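Novice: Provided below are the primary sequence and the corresponding predicted coordinates.
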Amino acid sequence: MKTSLNLSAAATKPSRFRMAGLFILILATTFAMAPSANATAIDPNVLSVTAIPGSQTLLETTANPLTYVTFAVTNKTGDNLILDYALETVLPAPGDFGGDDLVWNNGYVSAALYILAGKTGDYTFGFINPYGNPGDCCDNGNNDVTFYIEMSPMAVQPTSQTISTNDGYGTFIFPVGGASQAAGPNPGVKADLMACFNNPGPNSLNPCPAAQNEFLFAGVGVVRGSPQPASAVIDVVDTPEPSSLYLLGSGLLGLAGVVRRKLRRG
């Protein structure tokens with residue numbers, strides 16, 4: 001990452017105090033821009049994650065509706081980054097014992113295996129509502145989709161990817177054929193990630209790495225997505241029954257009649 005300092009042409013004869021202040025500014029800038037030797041000191045905000053859309057409604061029907069969530073990851077560092085891992089999990093709607101309001105991964109995955117400096121890579125996942133029951137009005141349910149990502153400075157571009165799925169409740173992505181400048185992996189963090197993949201839980205209780213020093217790969221420049229995790233919500237909504245629609249229509253017609261009579265009297 002580089003920085004530059006532009007001096008005004010008018011300042012051709014700076015005073016002693018100006019020179020001292022300029023020296024301090026250059027020295028502070030140099031230290032601020034120097035790479036850290038410890039991965040835990042890296043600012044996580046240099047890898048920002050945005051869920052698109054952050055919240056959406058999926059109409060519950062018997063036709064197994066399909067929807068998508070994209071997590072857009074922007075590389076704000078000065079390095080080209082290679083994917084260490086990306087993990088997506090689905091926490092089904094709470095209390096949804098019948099399963100009619102839950103969403104599953106349908107197997108569709110599109111992932112960026114590396115992101116060039118200053119660019120954005122998309123991680124898109126498809127979801128379905130496999131057990132939709134529109135006749136059980138009205139037990140709508142929110143499904144939380146969470147996304148974790150870690151990247152490292154890239155040495156060699158990857159050639160392919162390995163994608164693992166877990167009964168529709170999670171997707172684990174690793175690059176194949178590439179190389180980063182990082183060292184690892186950390187067995188303890190890998191175990192936490194696998195536990196999260198196999199048993200997704202509430203955001204505040206799941207076993208995914210959350211502390212700043214829990215990196216799968218260690219090394220200079222290793223960064224994780226911020227926020228950690230990124231989150232999206234898919235709200236499964238029941239389809240109104242025909243009888244409910246009829247009652248609603250009847251009520252609207254009756255209200256229109258009342259309004260018409262009042263207007264005539266006026």
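Specialist: Yep, that arrived. Numbers count the residues shown, from 1 in each chain.

Novice: residues of stretch 165-180 that come out buried?
Specialist: 165, 166, 168, 169, 170, 171, 172, 173, 174, 175, 178, 180 (16 or more other CB atoms under 10 Å). Quick note: C-beta positions are derived from backbone N, CA and C, even for glycine.

Novice: and which of these is nearest residue 70?
Specialist: Closest approach to residue 70 among these (CB to CB): residue 171, at 13.2 Å.

Novice: what about the helices in the stretch 101-250 of the chain?
Specialist: 187-198, 242-265 (DSSP state H, counting those that start in this stretch).

Novice: among those helices, which gets the worst mean confidence?
Specialist: Ranked on mean pLDDT, the bottom entry among the helices of the stretch 101-250 of the chain is helix 242-265, at a mean of 50.

Novice: what about stretch 52-62, start to end distance?
Specialist: 26 Å (CA to CA, to the nearest Å).

Novice: residues of that stretch that come out buried?
Specialist: Here stretch 52-62 shows 58, 59, 60 as buried, counting by 16+ other CB under 10 Å.

Novice: Now for the buried residues of stretch 165-180: which two are most distant?
Specialist: 168 and 180 (30.0 Å).

Novice: circling back to that earlier point, and which of the buried residues of stretch 52-62 is nearest residue 143?
Specialist: The closest of these, once distances to residue 143 are taken by CB to CB, is residue 58, at 8.6 Å.

Novice: hang on, the closest one packs against residue 101?
Specialist: No - contact criterion CB atoms under 8 Å: residue 58 and residue 101 do not qualify, at 9.3 Å.

Novice: For those two, list the residues in contact with both.
Specialist: 129, 236 (CB atoms under 8 Å, 6 or more residues apart in numbering).

Novice: In the chain, where's the longest strand?
Specialist: strand 141-156 (DSSP state E).

Novice: Quick check: can you name the pairing partners of it and their directions?
Specialist: Here strand 141-156 has these sheet partners by DSSP bridges: strand 81-91 (antiparallel), strand 179-180 (antiparallel), strand 223-224 (antiparallel), strand 230-238 (antiparallel).

Novice: Quick check: mean pLDDT of the first one?
Specialist: Translated: strand 81-91. 93.

Novice: Which neighbouring residues are in contact with residue 105, exactly?
Specialist: Residue 105 neighbours (CB under 8 Å, 6+ apart): 88, 90, 125, 126, 127, 165, 168, 169, 170, 171.

Novice: Need those residues in JSON lines (columns: distance to residue 145).
Specialist: Compiled in JSON lines, the contacts of residue 105 are given as follows (distance: CB to CB, whole Å):
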{"residue": "88", "distance to residue 145": "7"}
{"residue": "90", "distance to residue 145": "6"}
{"residue": "125", "distance to residue 145": "7"}
{"residue": "126", "distance to residue 145": "11"}
{"residue": "127", "distance to residue 145": "7"}
{"residue": "165", "distance to residue 145": "14"}
{"residue": "168", "distance to residue 145": "12"}
{"residue": "169", "distance to residue 145": "10"}
{"residue": "170", "distance to residue 145": "10"}
{"residue": "171", "distance to residue 145": "10"}
